[in-house]
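**Q** Pasting a predicted model and its sequence here:
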Amino acid sequence: MSGSPPPTGGFVRSVGLFQSTAINMSQMCGIGPFVTIPLMVTAFGGPQAIIGFGAGAVLALADGLVWAELGASMPGSGGSYVYLRQAFQYRTGRLMPFLFVWTAMLFIPLIMSTGVVGFVQYLGYLFPDMGRTTGDLVGLGIVALVVVLLWRGTEHIARITAVMWAVMITSVVLVIVAAATDFSAHLAFTYPAHAFDFASNHFWIGFAAGLTIGIYDYLGYNTTAYMGAEIKDPGRTLPRSIVFSILGIMAIYLLLQIGTLGVIDWHRMTEPGDIASTSVASAVMEETWGKGAADTVTVLILITAFASVFTGLLGGSRVPYDAARDRVFFRPYAKLHPRHRFPTLGLATMGGITAIGFLIGRHTDLATLIQLLTTVMVIVQALAQVLALSVLRKRQPTLRRPYRMWLYPLPSFLALAGWLTIYGYADKNSPGRHPVEWSLAWLALGCVAFVIWARLEKVWPFGPKEITEEYLTAPTPDAEPAGT
């Protein structure tokens with residue numbers, strides 16, 4: 001191997017720590033907590049739903065430390081694709097990175113589609129007479145606008161993201177402050193009978209549903225890991241941006257959840273048709289500061305939702321690019337825009353799937369869409385990546401690791417247990433929808449696609465394994481200049 005670093009494909013390292021943290025937090029918060037608080041309350045059957053956000057934070061931190069070590073060690077474009085390629089190439093060639101890209105092309109846009117569903121849901125507060133067809137057209141228009149804005153270089157995108165991050169923080173803080181001005185401890189901390197009956201199977205089914213919703217709300221802490229080739233001083237910036245964003249969002253979520261429960265009777269959140277079940281933040285503002293304040297904050301929430309879709313597609317579109325560049329996915333995805341240097345086909349494809357996912361979510365329900373995208377994600381990304389960290393420590397002990405997981409392997413075990421809990425209870429929390437079966441079917445289809453692709457490319461199992469350990473010999477990426 002030569003001494004040159006892995007190619008970045010023309011990407012520019014222009015995103016610093018503040019911008020990286022802002023990108024993660026914008027993607028994490030987004031519309032998520034504003035639409036899932038009622039879902040969480042319904043899952044637990046009372047204000048003890050705060051447990052779900054706490055459990056989601058623990059899982060996010062444990063899994064975030066996995067991402068932190070892997071991202072700092074292998075700061076390339078593509079995130080999990082890079083890590084799985086390096087870890088599992090010794091036994092199964094390119095199978096694992098291929099399957100990751102295959103599943104990512106589905107679950108990343110599905111996550112974005114939930115943001116668009118939430119956008120239209122809150123827009124309904126401002127325009128209560130908006131029909132379903134109009135809502136569908138608005139959602140499709142939002143997806144198109146995001147793709148158009150992303151048709152630019154990351155230098156411009158970083159500045160846009162910083163502004164969107166400020167709007168997101170403002171909207172959340174306003175709801176938290178408004179709730180604090182009319183907070184009722186009786187509403188927030190009066191629990192129904194048997195709320196903490198840990199011996200009941202009903203509690204654990206609700207806990208698994210809440211954990212699924214909770215981790216969905218934290219998803220996005222890894223967004224900048226997909227942009228490793230565009231991060232300044234990635235060995236330091238990536239781990240810090242992941243940890244800082246999780247801790248910041250955890251504090252925000254807990255204040256938001258408790259404050260909301262202290263203003264709105266939790267029973268209202270479980271009643272279909274009640275504004276608290278669809279636009280709970282708007283209901284809080286209307287209850288505390290009046291309709292004018294509610295309208296203003298609703299607009300800010302819409303901007304926040306838009307920002308989450310924007311940053312999610314920004315990071316996700318890099319995944320098929322890196323795989324295609326290394327001949328592990330369809331080759332047309334390796335093309336960059338000649339001027340702005342971003343993956344054109346990856347962005348266009350994920351934008352299209354986001355639009356389709358939005359329509360599916362609009363005509364089913366948000367909880368089912370969250371269960372589906374989570375189960376699709378768990379096997380090839382979440383579980384495999386936890387194993388990849390241990391495999392790489394054994395296979396590549398000399399790999400430069402600017403950050404090593406704290407208390408290893410305890411966070412890995414916690415992450416593994418959390419993901420298995422989510423997957424094991426998925427069907428019970430979506431009766432009649434069978435998300436586990438759908439995820440396994442999609443994985444099986446991906447294996448068939450890999451066999452066909454491997455035959456055409458003449459790679460393992462129809463050719464030799466190609467072991468590439470470029471990160472073992474790569475020098476440290478240029479550090480961030482002093483004073484930035």
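**A** Perfect, I can see it now.

**Q** The helix or strand hosting Leu416: which residues count as buried?
**A** Counting by DSSP states H and E, the element that carries Leu416 is helix 410-424. Along helix 410-424, these residues count as buried under the neighbour rule (16 or more other Cβ atoms under 10 Å): Pro411, Ser412, Leu414, Ala415, Leu416, Gly418, Trp419, Thr421, Ile422, Tyr423. Placement of C-beta: from N, CA and C, glycine included.

**Q** would a markdown table of those with pLDDT be doable?
**A** Output for the buried residues of helix 410-424, formatted as a markdown table (pLDDT from 0 to 100):
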| residue | pLDDT |
| --- | --- |
| Pro411 | 96 |
| Ser412 | 96 |
| Leu414 | 97 |
| Ala415 | 97 |
| Leu416 | 96 |
| Gly418 | 96 |
| Trp419 | 96 |
| Thr421 | 93 |
| Ile422 | 93 |
| Tyr423 | 93 |
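
**Q** and the two most separated of those residues?
**A** Maximum pairwise distance among the buried residues of helix 410-424 (Cβ to Cβ): 18.7 Å, between Pro411 and Tyr423.

**Q** so after the helix or strand containing Leu145, what's the next helix or strand?
**A** Using DSSP H and E, Leu145 falls within helix 132-150. Once the chain leaves helix 132-150, the next helix or strand it forms, by DSSP H and E, is helix 154-181.

**Q** the inter-axis angle of that next one versus helix 132-150?
**A** Here the directions of helix 154-181 and helix 132-150 differ by 130 degrees (axes from the mean of the first three to the mean of the last three Cα atoms, to 10 degrees).

**Q** Tell me where the longest helix sits in the protein.
**A** helix 95-126 (DSSP state H).

**Q** Give the buried residues for that helix.
**A** Buried, per 16+ other Cβ under 10 Å, within helix 95-126: 95-125.

**Q** wait, what's in contact with Asp295?
**A** Neighbouring residues of Asp295 by Cβ atoms under 8 Å, 6 or more residues apart in numbering: Leu126, Ser282.

**Q** Please state the offset of the helix or strand that it is a member of from the chain centre?
**A** Asp295 belongs to helix 291-316 when assigned by DSSP H and E. Between the centre of helix 291-316 and the centre of its host chain there is 16 Å, according to Cα atoms, centre = their mean, to the nearest Å.

**Q** any weak-confidence spans in this structure?
**A** Residue ranges of the chain with pLDDT under 70: 1-12, 77-78, 152-158, 160-161, 340-341, 473-484.

**Q** Contacts for stretch 38-45 next, please.
**A** With Cβ under 8 Å, 6+ apart as the test, stretch 38-45 has contacts from 47, 49, 51-53, 192, 195, 206-207, 209-210, 213-214, 257, 261, 266, 269-270, 276-278, 280, 366-367, 370, 429.

**Q** Mind checking which of the residues you listed are in helices?
**A** Among the contacts of stretch 38-45, the subset assigned to helices under DSSP H consists of 51-53, 206-207, 209-210, 213-214, 257, 261, 266, 269, 276-278, 280, 366-367, 370, 429.

**Q** between the buried residues of helix 410-424, which is closest to Ala307?
**A** Ile422 (26.0 Å).

**Q** what's the closest non-adjacent residue to the closest one?
**A** Thr212 (5.0 Å; Cβ to Cβ, 6 or more residues apart in numbering).

**Q** now the helices for the stretch 301-450 of the chain?
**A** Counting by DSSP state H, counting those that start in this stretch, the stretch 301-450 of the chain has helices at residues 318-325, 344-363, 366-377, 384-395, 410-424, 426-429, 435-457.

**Q** And the contacts of the first one?
**A** Contact with helix 318-325 is made by 9, 76-82, 97-98, 100-101, 104-105, 108, 226-227, 329-334, 336, 343, 345-346, 349, as judged by Cβ under 8 Å, 6+ apart.

**Q** Appreciated, that's everything.
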